[in-house]
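Novice: below are the sequence and a predicted model; questions follow.
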Amino acid sequence: MPYSYSSNEENYYGGFETREDAVAEASKELTHFWTGKNRITESPEEHWYAVDWLEYVSETEEYSLECAQGWDRSTEDQREELEAEVRMVMRRWCEKHDLLPRFYHVEDIVEHKIDE
């Protein structure tokens, strides 16, 4: 997992193979900095859940009527199938429009102070 460094603990730079590589690069210009592990962000489709969508539909005016009660009789297996199919479509759409994340989250942050 790549590592990066920051001079302000907010903006991180680099994709170094090891923390030591990030420290070596940062210490060329900085005496006080932070390093951390880069965690790749999940693709957007991984955040779509059938149960959330079904709940949303259930709360719309037409589906929240008394006569519509119990309309969702889907099983867990059916919801998993729906999630897989919808996520594939969402993934293709994100790829087609170049909307996949190109950012990462930084974890396991360590502060470094180099004596001058």
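Specialist: Right, received. Where do you want to start? Numbers count the residues shown, from 1 in each chain.
Novice: any regions of this structure where pLDDT drops low?
Specialist: The model of the chain has pLDDT under 70 over residues 1, 116.
Novice: helices of that one, residue ranges please.
Specialist: Remark: helices assigned in the chain by DSSP state H are 19-26, 50-59, 76-96.
Novice: among those helices, which is the most enclosed?
Specialist: helix 19-26 (a mean of 18; mean count of other CB atoms under 10 Å). Any C-beta I mention is one placed from the backbone N, CA and C, and that applies to glycine too.
Novice: now what about that helix, what contacts it?
Specialist: Tyr3, Ser4, Tyr5, Ser7, Gly14, Phe16, Phe33, Thr35, Lys37, Val110, His112 (CB atoms under 8 Å, 6 or more residues apart in numbering).
Novice: could you work out the most separated pair of these?
Specialist: Greatest spatial distance in these: Ser7 and Lys37, 17.8 Å, computed using CB to CB.
Novice: between those two, tell me which one has more neighbours.
Specialist: Using other CB atoms under 10 Å, the more surrounded residue of Ser7 and Lys37 is Lys37, with 17 against 14.
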